[in-house]
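Peer 1: give me the fold of what follows.
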Amino acid sequence: MDLIKSPSLDGQILWLIGVWLLYFLVHSLLASLWLKRLVARRWPDWMPAYRLLFNLQSLLLLLPPLYLTYAWKGPFLWQWQGWGWWLANGLALIAAGLFLWSAGYYDSGEFLGLKQWREQEKRVEDQEGFHISPLHRFVRHPWYSLGLVLVWTRDMNVAFLLTGSLITLYLVVGSRLEERKLLEYHGKRYQRYRERVPGLIPVPWRYLTPKEAEELRRDE
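Peer 2: Residues are numbered from 1 along each chain as shown. So this is what the prediction gives:
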């Protein structure tokens, strides 16, 4: 094997881990209230474009780790077969469908950053009010939960296993960081919501009925 043209297995693993960690670090830093407030204070004219630029860099920086993951040529550690294939891919399709369906309950303009740019909004805080979508009645971070389903229903080689493990760890940590901001935005109302609904994995006895969700949404 030509070690110059074909990096060792250890080298490939280190590259993959390093690129993912760089992505997580940059993503968390740019999403932090600390940096947003710094930009708002020193360069307020940049704030209307902040969300748009954040989403753009998130997409661009995601390309290298995904390329390294899918370009991996090693053998599979396991592959779904028979009824397992139908189950895994069925769950993935359901997750994708729920993701698209639930997107309608978000303010897409604000999520993408178009609303902030259009209105030249310079405030740091998200402008969308506190609301509880149908999926939010069962988990506090439904898109993270659906993402985990998509990740762990794939066939696994070393690259996919590393990627899945790192993404899972980051979503767990990232959900905690996200909740710090939500507590600051919505205060005790979000704290009451967090006490009633699990974070990532649904629990049969912990959820909100539609009536309870509406009452909590209106509660100040």
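Peer 1: distance-wise, check L21 relative to L14.
Peer 2: Going from L21 to L14 by C-beta to C-beta, to the nearest Å gives 10 Å. All C-beta spots, glycine's among them, are computed from the backbone N, C-alpha and C.
Peer 1: backbone phi and psi for the closest residue to I94 other than its chain neighbours, please?
Peer 2: Take I94 and drop its neighbours on the chain: the residue closest to it by C-beta to C-beta, 6 or more residues apart in numbering is V149, 7.8 Å away. When read as degrees, to the nearest 10, the backbone of V149 gives phi -60, psi -50.
Peer 1: the chain should start at 14 in everything you say after this.
Peer 2: All set: I'll call the first residue 14, so the last point we hit is now V162.
Peer 1: check which helices and strands the one helix or strand in the chain whose mean pLDDT sits lowest sits against.
Peer 2: For the chain, counting by mean pLDDT, DSSP states H and E, helix 121-125 ranks last in confidence among helices and strands (a mean of 85). Identification of packing neighbours for helix 121-125 by 3 or more C-beta pairs under 8 Å, 6 or more residues apart in numbering; DSSP states H and E yields helix 60-83, helix 127-131.
Peer 1: lowest mean pLDDT across those helices, which one is that?
Peer 2: Within those, confidence is poorest for helix 127-131, with a mean of 88 (mean pLDDT).
Peer 1: quick revisit: so who does the residue nearest to I107 touch?
Peer 2: L104, A105, I107, A108 (C-beta atoms under 8 Å, 6 or more residues apart in numbering).
Peer 1: in what helix or strand does the residue nearest the centre of the chain lie?
Peer 2: Geometric centre of the chain, nearest residue: Y157, 5.0 Å, by C-alpha atoms, centre = their mean. Assessed by DSSP states H and E, Y157 sits inside helix 155-165.
Peer 1: and G212, by the same measure?
Peer 2: Of the helices and strands defined by DSSP H and E, none includes G212.
Peer 1: and E197, by the same measure?
Peer 2: Assessed by DSSP H and E, E197 sits inside helix 171-209.
Peer 1: and that helix, which residues are buried?
Peer 2: Neighbour-count burial for helix 171-209 flags 171-173, 175-177, 179-181, 183-184, 187-188, 191-192, 194-195, 198, 202-203, 206 (criterion: 16 or more other C-beta atoms under 10 Å).
Peer 1: any idea of the mean pLDDT in the next helix or strand after it?
Peer 2: On the C-terminal side of helix 171-209, the closest following helix or strand by DSSP H and E is helix 223-231. Mean pLDDT, helix 223-231: 87.
Peer 1: residues contacting helix 223-231, please?
Peer 2: Residues from elsewhere that reach helix 223-231 (C-beta under 8 Å, 6+ apart): F143, H144, I145, H149, R150, R202, R205, Y206, R209, L221.
Peer 1: same question for stretch 100-113.
Peer 2: Here stretch 100-113 has contacts from W93, L148, P155, W156, L159, G160, V162, L163, T166, R167, using C-beta under 8 Å, 6+ apart.
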